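1. based on what follows, work out the 3D shape:
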Amino acid sequence: MRRLAAIICLVGMAVALFVFSERGSVEAQLPSQIELACPAGTWPMSSGGQTVNASTGKYRQWACVDANGNVTHALAAGSTIGGLTPATLAVCTNFTPVTATNTIAATNLQSCTVPANTLATGSLLEINETGINGTGSAQTITITTNLGGGTSCSTVSGTTSVANQQPWNVVVKFFVLIAGVGGTANMSCELFSSAAGGGVVGPAGTVGNPTISVNTTISNTLQVTVTMSVANASNTVTEQGLKVAVF
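-> Residues are numbered from 1 along each chain as shown. All right, here's what the predicted structure looks like:
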């Protein structure tokens, strides 16, 4: 019995040393220094469990371990940024305004790049597009969002009224079902504007059949385009901001 007790004691000490050696790797870090934190009750693994974002100088805690030795990914439910809020990571941003005027041809608005291997199975990419439109002659406005040159999601506004500086916002959800070279995803989009700017509408028809293809192992360009139904010198659409985040 004494030998068994000694063995149990030694095992307990080994587990404690393992857990606290993992935990000790972040004791000197303040929440303000961490842009992606482990879920509560876990700590980054000492060997490769965290990296430093060279552009921000802040820590990203990717692989986390709990007191029982269970390992989780930092983007699992319960993880936080700065130790405070639910985990999301900004993927790309564009805040240089782009305007389309007096044309019925599909015209590029803003774009940005989603880096290779950003998306994993179960990742949700949320895309927010904002801008203003002006109407000199009543029209409809089609906003199309495409990731990586594959299947797009389009939303068509209601008929606009003669008005200027009408705000609009498009929200796109891109949910990764399978990651990899032959990855698949589901995609949906909605347009929100004032009544004069085209109202509120969802996707214009089927998006994928039933899923769309995406290669998550390469960088993918996210491109927003607009198509206006009537050419008029006062018919304009400006995209002012594009923000993409992954959950």
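2. tell me which strands the longest strand seen in the chain pairs with, and in which orientation.
-> Among the segments of the chain that qualify as a strand by DSSP state E, the longest is strand 163-178. As defined by DSSP bridges, the strand partners of strand 163-178 come to strand 124-135 (antiparallel), strand 183-193 (antiparallel).
3. and the first one, what's buried?
-> Think strand 124-135. Under the neighbour-count criterion of 16 or more other C-beta atoms under 10 Å, strand 124-135 has 124-127, 129-135 buried. C-beta here means a position set from N, CA and C on the backbone, and glycine is covered the same way.
4. quick one: contacts for residue 41?
-> Applying C-beta atoms under 8 Å, 6 or more residues apart in numbering, we find residue 41 in contact with 66-67.
5. how about the secondary structure of it?
-> coil (DSSP: H, G, I helix; E, B strand; the rest coil).
6. re earlier: closest one to residue 208 out of the buried residues of strand 124-135, please.
-> Distance to residue 208, by C-beta to C-beta, is smallest for residue 125 among these, at 14.7 Å.
7. what's the pLDDT at the closest residue to that closest one other than its chain neighbours?
-> Once flanking residues are discounted, residue 125 sits nearest to residue 174: 4.0 Å by C-beta to C-beta, 6 or more residues apart in numbering. Turning to residue 174, the model gives it a pLDDT of 94.
8. same thing with the one 4 residues further on?
-> Looking at residue 178, its pLDDT is 93.
9. now residue 146
-> Residue 146 is given a pLDDT of 95.
10. pull out the buried positions in the helix or strand it falls within.
-> Following DSSP states H and E, the helix or strand that holds residue 146 is strand 141-147. Across strand 141-147, burial judged by 16+ other C-beta under 10 Å covers 141-147.
11. among those, which one lies nearest to residue 165?
-> Closest approach to residue 165 among the buried residues of strand 141-147 (C-beta to C-beta): residue 141, at 14.4 Å.
12. thank you, goodbye.
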